[in-house]
Every structure is written in C-alpha cells, then in structure tokens.
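Enquirer: how would this look folded up:
(chains A and B)
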Amino acid sequence: MNTPLKLLFVDDEPINLMLFKICFGENYHVITAESGAEALKVLAENSDISVVFTDMKMPWMSGVEFARKAKLLYPRISFYILTGYGLSEPIQQAIDDGVLNRCLFKPFDIDEVEQAIADVVNTKISN
Amino acid sequence: MISSKPPYTSIRVSISAAIITAVFFVFLFFYLGVNLREYIYEDSKEIAKEMSRSAAVQTERYFNSALWVAKSIASKAMLIRNLGGDRQEVRDVLVSELHDNKNFLGAWTLWEPNAFDGKDHLYAGKPLHNSMGTLGNGYFYYNDSIQMEIMGQRDYTGSYYVLAKEKRSESILEPYRWTYGNVKKSFYGTSISIPLIDEGEFLGAIGIDIDIDELQTELNKARPYKSGYLSLITSKGNIVSHPDSSFVTQNFFSLISTADSISYATFLQGKELTLETVSEFTGEKVFRFFYPISLGGSEPWSIMVELPISDTTARSNQLIVVALIILLVGLGLIIFLIFNILDRRRYERTILAAMAEIEERGKVAAENARNYKEIFNSTSEAIIVYDPERKVILDVNDIVLFLFGYGTKADVVGQRLRMLSHEQPPFKVDDNEVLMSKALSEEAQIFEWLAQKSNGETFWAEVSLRSATINGHRRILTVVRDISEKKKSAMELEQYRNHLEQLVKERTEELEAANEELTAINDELYDQKTKLQEAMVDLKNTQHQLVQSEKMASLGVLASGIAHEINNPLNFIQGGILGIENYFAKHFPDHKDNVEPLISAIREGIHRSVVVVNSLNHYTRKDNQTKTICDIHSIINNSLIMIQGQIKDTIALKCNYYDGPLNVLCNEAQLHQVFLNILLNSIQAIDQRGDINISTTATAKKVRVVIIDSGKGISPDDLNRITDPFFTTKDPGQGIGLGLSIALSIIRDHKGKIDFESVEGEGTTATITLPLKS
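Expert: Predicted coordinates:
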C-alpha cells in the first residue's frame, strides 16, 4: 500500500469527528469537517479525496443537500450517509438518483464502514 | 139560563146582627156574674155565721152535757152520803158515768176531811185511799180503758178544787196542763167542777175533765170552706183550740190590734159579732165571726170563725171565667159564621161569572163556525177533510178544485183519496195507510207526494196530515201544497251536491295516493336512518382506530427523534470502545484477555440500544415505501427459515397452506417482520413441548393466515394490551414490548387486520387478514 486513501468525514459533533479519526486514521488519511460548507471548502482544496461520509442532520445544510452539491462538482467521489435516523425519504431519493452510494447507520459498524470503503476501492479498480 | 138575582139578605146586616148578639150576651153574662158575686159574698158570710153558730152550739152542748153529768154525779154522791152509803158506791157512780160518756177524759171527786162519813181515820193509808184517809178518787180513759188515781194532799190546792170551794158554784176552768198520778202522759184540757154543799157547808167537789184535743177534733169536723177554721177562746181570751197549735194557750187579746175595741167589747159582753178584717193569724183578709158560748153561770167563752174572703169570692170568680169562656167560644163561632158567609158569597160570584163567560163563549163559537167556513174557502192552501174510517173525501176547499183541475166540489167529495194521487209505487195511497194511522195516533205527518190532476198531469206536493175532531168525529185534515218549483231547485241542488261529492272523492283519492307515497318515503327514510346509525357506529370505530393510529404516529415521530439523539451518543461509545480496543491491541496485547470481556459487555450494551432504537424507527411513516406483489406463502416460509435456529426439536411445526399462491401487495421486509414477531412469540410461549400450526385460506377478496400455538396462552387482561407499545411479559433483555405493536402498525398500513385469541394454559391463535391481490 502506497499512499493511504483519503476520506472526508462530515459531522457537526466534534466527538464523532475525533473518534472517526482515531478509528480509521491509522489505515486512511481522514480529513474532517464540521459542516457542509466547510466540507465543500475541504473538497475544493483536496482534489484527491475518494470517499465522503457525511452525517445527515446538521445545521444549515443537511448531509443530502451537501452530497448533492458536492456530487455535481465532484462526480467521481463516492458519498455515504452515516445517520442516526432511519432511512428517510430524502436519503432514499438521493440513493435512487445515484448521488449516494449507500446509507450507513449510527452507531457505525466498523466492518460496514470498511466494506463501504472497500466497495469504492474495488469499483475504482474495476473501472 | 140561570137567573143571577142577588141574595135577599145583605151581608152587612147578617154580620152586624151576629156582633150585636155576641155583645149583648157578653154584657148579660158580666152583669149576672158581678151581681151574683155580691149575692155569693153575702151568702158566704151567712154560711160562715151559720157554721160558727152551729159549731158554737155544738161546743156549748158539749160543755153543758159535761156540766149535767157532773151535776148528776154530785147529786148521786150527796144521796149516797146522806143515806150513809159506802165510799165504794161513789166510786162506782164515777166509773159508771165515765163509762156512759166516752167523750169525757175523766171524772173525779174529792171530799173535805171527814166530810163523807167521818171515818177518815179508818181508811188512812188503806187501799184506794190517801194517807189522810179522805175520799178522793179520779177515773180517766187511758189506752181505751178506765184507770184510777188516788187524789191526795196536793189536789186540795189545785184550782179545779179551790175554785169550787171558793165560788161555791159550778165553774169551768181556764185550760191547763196536768198529769194523772200514775200515768206519765200529760193532758191539756179543762175541767168542770161542781161544789158539794150541804146546808151551807162545803163538803167537797165533783169534776169532769175534758180533753181539748178531743174537743178540737169535734170542732174541726165543722170546718167551713177549704181554708176557713174555728177557734175556741175562753172568757179571759185564752185560745183553747186553733188549727195552728202554736196559737193554743196564747191570749187572744194580746194578739189582736188594740184598735180593735169592737171585738174586745163584744167579746166580753158575750155577743155575736161579724166583721171583715185582716187576720192576725193568717195575714189574709177574712170574715171574722164571734159567737158566745154560755156555760152555766160562768162568763161566756167564744167561738171565733175566720173565713178568707178570697174563698168566698172564688165561686163568683169561677162564674166570671165561665162567662168569659162562653163569650170567646161564642165570638169564635160568630167569626167562623161570618167567614163562611163571605166565602159562600165569593163562591156565588165565581159561579155567576163562569155562567156569564159560558154564555159569551157560546156567542163566540157561533161566530167562529161562520168564520171557519170563510177561512176554509178563502185560504191559499188546498185543504181536504178526510174520513179515515170510510176512506172518503168529506170536503174540499176551492183551492183543491183549482189545484187538481176539477170543476165542482161534487166531482171530488165522496170520492176515494187515490183519485188525487199518481198511484204509482211508492206513491200508492193504500200502501201508505200507516201515515194515516200515525197522524191519528201520534202527531201531524208531513211528507212529499206525487199528486195527479184530473187531466193526468202529475206534480210534486207537500202533504200534511193532521188529526182533527170535527163535529165530534175523527177526521184527517189534509193540506196539500204544490212544491214543483221547490222540488226542481232541490233536484238541481242534489246534482250540484253529487258533483261536489265526486270532486271530494277524487281529491280524497289523490290525497290518499300522496299519503301512501309519503309513507313509502318515510319507510325509506327510516331505513336510511338505520343505515346512518350503522355508519355512525362504523365511523366511531374508525375514529377510534384513527385516534389510535394518530397516537402511534405521534409516538413514531417522538421515537425516531429520540432514536437519533441516542444514536449519536451510541456512536460516541461505539467509536470510543473501538479506539480503546485498538489501543489495547497495539500497546497492551498482554492485557487483551482482561479487557476483552469488558469491551464485549459495552458492545452488548450498544447492540441492545441499537435494536431498541431501530425498532422505534419503524413507527416512522413510510407511506411512499414501495410495495410489491408477493406470495404470502413465500414470506411465511422465509420467516420460518430465519427462525429455524430458534425452533426447538420439541416443537412440532405444521403448515397447512391454501392450494395455490396467495398474492398480496406488500412491503416484503415489513411483512417478514410481522411473521417473525408472531412466530417468535409462539416459540417463546411454548415451554417444552408443543405444536405450532400455520394455515392459510382465501376468500374472494381476502387472505387469512392463522397461526396457532399450544403455548402457555395469555391472560384476558394481558390480551388487551399485547399490541400496546412497550408491553411485555418477557424477561428483561428477551424483548422490549414493541414486536406486536409494530406488527399491528404494519398490518394496518397494509389495510389488513390482526386478531389474537388466547386461553390461558391452552394456547394462542393469531389471525392475520390481508387484502388479496388477484
């Protein structure tokens, strides 16, 4: 493995951001953002980000809103929702529209997250 | 004609004669009464005088007889003495005389010492003699027998002896009270004593005792009238006898008024006196009458008679009363007579007036007969006089001839009534005899009839039959009126009426039809009302379900909100423990065994929390979730596969499926969840051994899945609550009480029904009904 895969994790809870970093920071290059706006900024600065995990419920901009904006700008990036809620209508719609790959649920299952990342890697390889 | 001559006697004269007669008789009676009164008064006085006179004579005789007896005894005693007789002979004379004169009380003799025979010394102290031995014995009546007493020393000083001795003449004593020697009874009376003198020498005395009570009894026999009485008064004025015994022994002179000098003087002179005075004894007005009694040589006593004047006038008063009664009766009779005469005179006048009236009536009747004929012919109504017995017309007036078209009365009179009738049923005279008989026996009959004229023309007539007595015969007066015009208009009216009736009938039918229609509508409305009521019940049930759903929806919103908020902290824990695990693995691999159980515990905690929170997520509305058509059998089978591991070997599972697929439009995952929940409950309900039977059936529109287990069952109380959220009977960690609540929610989303039946100790039956998708 050469350079670690770059991930962006968006969540309005700093603790979540910290924990995500601790859990996955060892294997991946984890960048975090506290809001959709900040995430968009991060994406603009880091063109090599492959996977984005975003919380759904955030102030000012929801995870889906952010993902839709970002997907338009960066179609090759894979987006995942990591939400404490169930599979809500906007999320389902976003999945159907191809904006989101999948919806993951909090509390995160480390294997599930790993699988999601692996899926992205595999897709890219197959492409 | 009765003559109306006035009576010969005038009523005034009769009455005056009666009154005059009455007055005359009254005065006559009064005159007689008053006059007679005078006579009677004088008469009474004479009677009183006569009676007192007779009483006085009687008394005088009584005393004189006593005097004579005394004198006789004296001369006998002197003879016995002079002949030298025995003392006993004198005593025998006394007894004998007393025996012969029972109206005297006693007889006695007392002699001076030795005056009888000079042998006093011989007799002193001997029987029948006193201590001196003088002759002195008295005999008296006591208890109807003659008793004897011995006279002694004491008697020589008694006035009855002293008076004789001193006066030497016979004397009558003032009344006094004495007792006989050996008898206790005291006597009131007087004594007549006779001196015994021989050659100028006083020898002794003989006496007769008289009982005044006896005398009084004698005198009272001659009592004048009712309240008149006699009284005996001595010369000294002592009252000897008086009906009022309280006056006896009182002195008359002290009683009478001092002014009454006449009485006083007359009395002393022993003369007769009649006077009217107020009695000192009775207080009444009386005739008082004195009559003297001369007793031998002594001063006269008097008999006083008092006779109340009211008594003497009583008879004349009676006469006046009788006169008055006769007067009143007489007057009553006269008044009755007067009234009787007046009454008769009145009656007479009434008869005369009645006779005059009859005469007048006779004239009027003759006049009426003439008038009747006139009216009969000149009235405007046709009148037929009919004989109901012979059944012929007796008479008709001119109008009948005109009305029926006949020339003369002869054409009609004597004919049958039917010649005036149409004589077609029902207007046949012979068929309507009953009208005639009713008119005769009851009242006038009025009816309509079809009459016929002489030319055969008919017309409507109003006929009136009335019973009448003409010249003493029973007749029917038949009055006929032509009512053709009236009849015609009546018929027109009848037509109008019929027309109206028809109209009314038609309208009524229309109304009835309308009414029937209304009734039908009403019934329909009633049905609708019933349906509405049923719908109302349905609505209420639905409303209840809706409220329940809304409750669930609210709960869902709340639950998913909470879920998210819990998921974040859970995320912290999950991340944290992952970090810790990695940290230990990296830096303290030796401690892995020690830390691992702790981490597992935390992970279990997170897992359970996640299960709860995820379950809550199911309440969130998922209206737009995609539904696909699935065979219910495949869902059941899948569910069974998923719980395979939990089905114990001791549980016998039987499936009895409908032959063929049963498609439903559903969210596959959710239906899986429903069956998983129910089946898991069944498995958990079976303790050790048991059956679970699953059967599917279908109707035209519905699919029914019945799951029966033979588990421990659910109590009735719990059965109602098994679909409530968080209701559970399981141990902690085995279930959170949302399974069936979610199942209900899901089935309702699918427009289905879920029912649970259970018998505690026998098992539970779950019935799921879903719409069939054909």
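Enquirer: distance of whatever residue of the stretch 651-774 of chain B ends up closest to chain A from B:Asn571?
Expert: In the stretch 651-774 of chain B, the residue that lies nearest chain A is B:Ala669 (10.9 Å; Cβ to the nearest Cβ). Just so you know, the C-beta spots here come from the backbone N, C-alpha and C atoms, and that holds for glycine as well. B:Ala669 sits 24 Å away from B:Asn571, going by Cβ to Cβ, to the nearest Å.
Enquirer: looking at the two, which has the bigger crowd around it?
Expert: B:Asn571 (24 against 10; other Cβ atoms under 10 Å in any protein chain shown).
Enquirer: any residue of the strand or helix carrying that one touching chain A?
Expert: Taking DSSP states H and E as the criterion, B:Asn571 maps to helix B:484-587. Yes - for helix B:484-587, a contact with chain A is found by Cβ under 8 Å from any Cβ of the partner chain, at B:560, B:563-568, B:570-576, B:578-579, B:582.
Enquirer: of those, buried ones?
Expert: Buried members of those, scored by 16 or more other Cβ atoms under 10 Å in any protein chain shown, are B:560, B:563-564, B:566-568, B:570-576, B:578-579.
Enquirer: from the chain's centroid, how far away is the helix or strand encompassing B:Leu679?
Expert: Counting by DSSP H and E, the element that carries B:Leu679 is helix B:668-685. Taking Cα atoms, centre = their mean, to the nearest Å, one finds helix B:668-685 lying 95 Å from the centre of the chain it belongs to.
Enquirer: check which element follows that helix along the chain.
Expert: strand B:690-698.
Enquirer: which other residues reach that next one?
Expert: When contacts are defined by Cβ atoms under 8 Å, 6 or more residues apart in numbering or on different chains, strand B:690-698 is touched by residues B:632-633, B:636, B:650-658, B:662, B:679, B:682-683, B:686, B:703-711, B:763, B:772.
Enquirer: among those residues, which ones are in helices?
Expert: Among the contacts of strand B:690-698, DSSP state H puts B:Ile632, B:His633, B:Ile636, B:Leu679, B:Ser682, B:Ile683 in helices.
Enquirer: tell me which of the residues you listed is nearest to B:Gln216?
Expert: B:Ser682 (156.4 Å; Cβ to Cβ).
Enquirer: how deep is the closest residue to B:Gln688 other than its chain neighbours tucked in, by neighbour count?
Expert: Of all residues not flanking B:Gln688 in the chain, B:Thr650 sits nearest, at 5.5 Å (Cβ to Cβ, 6 or more residues apart in numbering or on different chains). Here the number of neighbours of B:Thr650 (other Cβ under 10 Å) works out to 10.
Enquirer: list phi and psi for B:Thr650.
Expert: Main-chain torsions, B:Thr650, degrees, to the nearest 10: phi -80, psi -10.
Enquirer: tell me the spacing between it and B:Ile686.
Expert: B:Thr650 is 8 Å from B:Ile686, by Cβ to Cβ.
Enquirer: kindly report the same for B:Pro716.
Expert: 20 Å.
Enquirer: who has more neighbours out of these two?
Expert: Under the neighbour definition other Cβ under 10 Å, B:Pro716 and B:Ile686 were set side by side, and B:Ile686 has more, 20 against 10.
Enquirer: residues contacting that one?
Expert: B:Lys648, B:Thr650, B:Ile651, B:Ile692, B:Asp709, B:Ser710, B:Gly711, B:Lys712.
Enquirer: now look at stretch A:78-85 and say if it contacts chain B.
Expert: Yes - for stretch A:78-85 and chain B, the contact criterion (Cβ under 8 Å from any Cβ) is met by A:Thr83, A:Gly84, A:Tyr85.
Enquirer: leaving out chain neighbours, which residue sits closest to the first one?
Expert: Okay, so that is A:Thr83. In space, A:Thr83 is closest to A:Met56, 3.8 Å off (Cβ to Cβ, 6+ apart).
Enquirer: give me the below-cutoff pLDDT ranges for the stretch 651-774 of chain B.
Expert: Counting by pLDDT under 70, the stretch 651-774 of chain B contains low-confidence residues at B:732-736.
Enquirer: check the stretch 51-200 of chain B too.
Expert: For the stretch 51-200 of chain B, applying pLDDT under 70 flags no range at all.
Enquirer: which residue does it have closest to chain A?
Expert: Closest residue of the stretch 51-200 of chain B to chain A, Cβ to the nearest Cβ: B:Lys184 (164.7 Å).
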